[in-house]
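S.K.: with the input below, show me the fold.
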Amino acid sequence: MKNNEEKHPLRCILLIDDDLATNFLHQDVIKSTGVKAHIQVCHDGQEALDYLNCEGEFSNEPFFPQPGIIFLDINMPGMNGWEFLEVYEKMPSDRKAEIVVAMLTTSLNLDDHDKAEKTEGVKKYLSKPLKKEYLEELIEKNFKSF
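M.R.: The predicted model follows:
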């Protein structure tokens, strides 16, 4: 963001979580806020990187909506949330989320919380499940309207 006061419209929310029931619940929470953004679900870090880079199953499209918010689970099979962040941070800025990466996890590990606080790309560390208030706060702080 060029200046902290600049606001962007929220075009896409990316959910990265391997649990189908959790993704279903989180989609309902997002819809209940009235957000008109596209909701993209990816089931692990690699699938999310493929989405952001228009690769793999997403290679038929030149570009997908750039997420304004990424809700990222930590514990997933394959590529977990921390491994995703390592690769994500090295990506070109035009492929990253415009505003917010929020860790959304059931992890009770204090080390995870501390690591998230120290990770530049992570703006929030939230406990599952996603709550309407969490999303509304992120939107109010970072986006013009929803």
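S.K.: at which residues are the strands of the protein located?
M.R.: Along the chain, counting by DSSP state E, strands occupy 12-16, 38-42, 69-72, 100-105, 124-127.
S.K.: which of those sits most buried?
M.R.: Of those, the one with the most neighbours on average (mean count of other Cβ atoms under 10 Å) is strand 69-72, at a mean of 27. C-beta: built from backbone N, CA, C; applies to glycine.
S.K.: picking up where we left off before, closest one to E55 among the strands of the chain?
M.R.: Among these, the nearest to E55 by Cβ to Cβ is strand 38-42 (12.2 Å).
S.K.: what does that closest one contact?
M.R.: Applying Cβ atoms under 8 Å, 6 or more residues apart in numbering, the contact partners of strand 38-42 are 11-17, 23, 27, 30-31, 48, 50-51, 64-65, 67.
S.K.: in PyMOL, select just the buried ones from these.
M.R.: Paste this into PyMOL to select the buried members of the contacts of strand 38-42, with burial taken from 16 or more other Cβ atoms under 10 Å:
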select buried, resi 12+13+14+15+16+17+23+30+48+50+51+64+67
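S.K.: among the contacts of strand 38-42, which lie within helices?
M.R.: 23, 27, 30-31, 48, 50-51 (DSSP state H).
S.K.: K132: which of the residues you listed is nearest?
M.R.: Nearest member of those to K132, counting by Cβ to Cβ, is I30, at 8.8 Å.
S.K.: let me have the strands of the chain in JSON lines, extended by mean pLDDT and distance to E117.
M.R.: Output for these, formatted as JSON lines (pLDDT from 0 to 100; distance: least, Cβ to Cβ, whole Å):
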{"stretch": "strand 12-16", "mean pLDDT": "95", "distance to E117": "19"}
{"stretch": "strand 38-42", "mean pLDDT": "95", "distance to E117": "24"}
{"stretch": "strand 69-72", "mean pLDDT": "94", "distance to E117": "15"}
{"stretch": "strand 100-105", "mean pLDDT": "88", "distance to E117": "10"}
{"stretch": "strand 124-127", "mean pLDDT": "89", "distance to E117": "7"}
